[in-house]
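Undergrad: pasting a predicted model and its sequence here:
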Amino acid sequence: MDRNRAILLNKISKTGFILYDIHLFLDTHPTDYQALRYYEIYQKKLDELKREYEKRYGPLTPKMTDGSDRWNWIDGPWPWEREYNEE
């Protein structure tokens with residue numbers, strides 16, 4: 001996997017974790033304005049990162065396929081393929 005792809009996946013993972021953590025906080029503090037604002041900020045950031053990844057490398061999940069001409073979710077590399085795991 002090329003370095004830029006790995007960096008982008010790492011950013012997506014970290015941002016997703018932050019967003020999930022805020023989500024858990026909001027479960028017990030549903031009216032916390034600052035937490036709601038952080039949630040909105042990080043949700044937008046995660047959406048941007050996912051769009052960037054999809055544009056460069058293809059879909060992260062089957063839901064992200066464009067479905068226009070072909071089912072592009074199958075385009076590699078798959079996690080068990082060597083290219084995916086190379087640094």
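TA: Good, I have the coordinates. If you're wondering where the values come from, they're calculated on a predicted model, not measured in any experiment. Numbers count the residues shown, from 1 in each chain.
Undergrad: pop out the phi and psi values for the residue of the chain positioned farthest from its centre.
TA: Going by Cα atoms, centre = their mean, the residue of the chain most distant from its centre is T31, 26.5 Å out. T31 adopts backbone torsions of phi -110, psi 10, taken as degrees, to the nearest 10.
Undergrad: E52 too?
TA: Given degrees, to the nearest 10, the pair of backbone angles that E52 has is phi -60, psi -40.
Undergrad: looking at Y20 now. What's its pLDDT?
TA: With respect to pLDDT, Y20 scores 95.
Undergrad: counting by contacts, list what the one helix or strand it maps to packs against.
TA: Using DSSP states H and E, the element containing Y20 is helix 3-28. Counting contacts by 3 or more Cβ pairs under 8 Å, 6 or more residues apart in numbering; DSSP states H and E, helix 3-28 is packed against helix 33-57. All C-beta spots, glycine's among them, are computed from the backbone N, C-alpha and C.
Undergrad: how far off centre is the helix it packs on?
TA: Taking Cα atoms, centre = their mean, to the nearest Å, the mean C-alpha location of helix 33-57 is offset from the chain mean by 8 Å.
Undergrad: just the mean pLDDT for it, thanks.
TA: Mean predicted confidence for helix 33-57 is 94.
Undergrad: so which other helices or strands are in contact with it?
TA: helix 3-28.
Undergrad: tell me the buried residues in the helix it packs on?
TA: L8, K11, I12, T15, I18, L19, I22 (16 or more other Cβ atoms under 10 Å).
Undergrad: what angle separates that helix from helix 33-57?
TA: 150 degrees (axes from the mean of the first three to the mean of the last three Cα atoms, to 10 degrees).
Undergrad: just give me how far helix 3-28 sits from the chain centre.
TA: For helix 3-28, the distance to the chain centre is 8 Å (Cα atoms, centre = their mean).
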